[in-house]
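Student: this one's sequence-less:
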Ligand code: DX5
Ligand code: ZN
C-alpha cells in the first residue's frame, strides 16, 4: 500500500476546506509552497496552512520551494505542518536547515530536483524522515513525468534499505493512476498527486487506485 498525498496545488483555492474534505480517503495532505524565486510560481504561505489545519487531522507535509527556507521553517511548524521539506538546491547549509526543522518540532525532509544527484544526501540521509524525489521540474501542477529520474529513486531506496533507515521516499510530479506502479516499483513509499486526484472524475476512486499501486 502506498501512502497517498494529494497536492492541494490543483484544488479550488476559493474553497480549500471543502476541497480537503473531498480527499478524505487519502493518507496525507501535501502543501506546495512557492516563492516566485526558487520556482517561477507563487502559491501559499503559513497563514493558509494555519487556516486549513482545523479542516483535517491528516498528516500535513509542506514542500517548501523557496530560497533560503530556514527563514520560514518555524512559521510553517507553528502553523501546523507535521513535516517540512526543503530543497537541497535552495539551502546553503542543508544540515542546519534539517536541524532547524527538527527544533521547530516537525519531521524533516529534503527534496531533490530532477537533475540533482543523490550524492547531496551524503552525510544527512540518516537525519531525514523523508526524501522527496521530484519527477517534474518544480513550479507547476499538471506536467509530464520525467522518467529519467527513476534510476535515481531506485538508488536512494537501495541506500535507505541497506542502512536500515525508516526514511520515506516521496515521489512528486506527473503521478496518475495509470503510471503509479512505476513509482512504487522504483522505490517510492509516498505518492504525491495533484492533477491526478483533483481533476479525476471520482477523487476517492483515484486515491484508492494510487494506494494500491
Ligand atoms: C510541483 C509540485 C507538485 C505538484 C504535482 O512543483 O511540487 O506537488 O502539485 O502536480 P501533479 O501531480 O499535477 O504533477
Ligand atoms: Zn510538491
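Tutor: Great, that's in hand. Values in this document were obtained by computation on a predicted structure and should not be read as measured data. Ligands and ions are numbered 1, 2, ... in the order given.
Student: Quick check: the residue nearest the centre of the chain vs residue 22, distance?
Tutor: Closest residue to the average C-alpha location of the chain: residue 63 at 5.1 Å, with CA atoms, centre = their mean. From residue 63 over to residue 22 the distance is 20 Å, taken as CB to CB, to the nearest Å. Just so you know, the C-beta spots here come from the backbone N, C-alpha and C atoms, and that holds for glycine as well.
Student: Check which helix or strand the residue nearest to the centre of the chain maps to.
Tutor: Under DSSP states H and E, the secondary-structure element containing residue 63 is strand 59-65.
Student: right, and the helix or strand after that strand?
Tutor: Sequence-wise, the next helix or strand beyond strand 59-65 is helix 70-79, with elements assigned using DSSP H and E.
Student: how far off strand 59-65 does that following helix point, in degrees?
Tutor: Taking axes from the mean of the first three to the mean of the last three CA atoms, to 10 degrees, helix 70-79 and strand 59-65 form an angle of 160 degrees between their directions.
Student: chain center to helix 70-79, what's the gap?
Tutor: Offset of helix 70-79 from its chain centre (CA atoms, centre = their mean, to the nearest Å): 16 Å.
Student: For it, what does the pLDDT average out to?
Tutor: Taken as a whole, helix 70-79 carries a mean pLDDT of 98.
Student: again with stretch 200-213
Tutor: When pLDDT is averaged over stretch 200-213, the result is 98.
Student: Quick check: residues of the chain near ligand 1?
Tutor: Counting by CB under 6 Å from any ligand atom, the chain comes close to ligand 1 at 7, 9-10, 30, 32, 63, 136, 138-139, 141-143, 172-175, 192-196.
Student: how many neighbours does residue 59 have?
Tutor: The number of residues packed around residue 59, counting by other CB atoms under 10 Å, is 17.
Student: For it, list the residues it contacts.
Tutor: Contacts of residue 59 were listed using CB atoms under 8 Å, 6 or more residues apart in numbering, and they are 27, 28, 29, 82, 83.
Student: circling back: among the residues of the chain next to ligand 1, which ones are buried?
Tutor: Neighbour counting by 16 or more other CB atoms under 10 Å classes 7, 9-10, 30, 32, 63, 136, 138-139, 141, 172-175, 192-196 among those as buried.
Student: Quick one: end-to-end length of stretch 183-194, please.
Tutor: End-to-end distance for stretch 183-194, by CA to CA, to the nearest Å: 15 Å.
Student: could you pick out which of the residues of the chain next to ligand 1 are near ligand 2?
Tutor: Residues of the residues of the chain next to ligand 1 in contact with ligand 2 (CB under 5 Å from the ion): 32, 63, 172.
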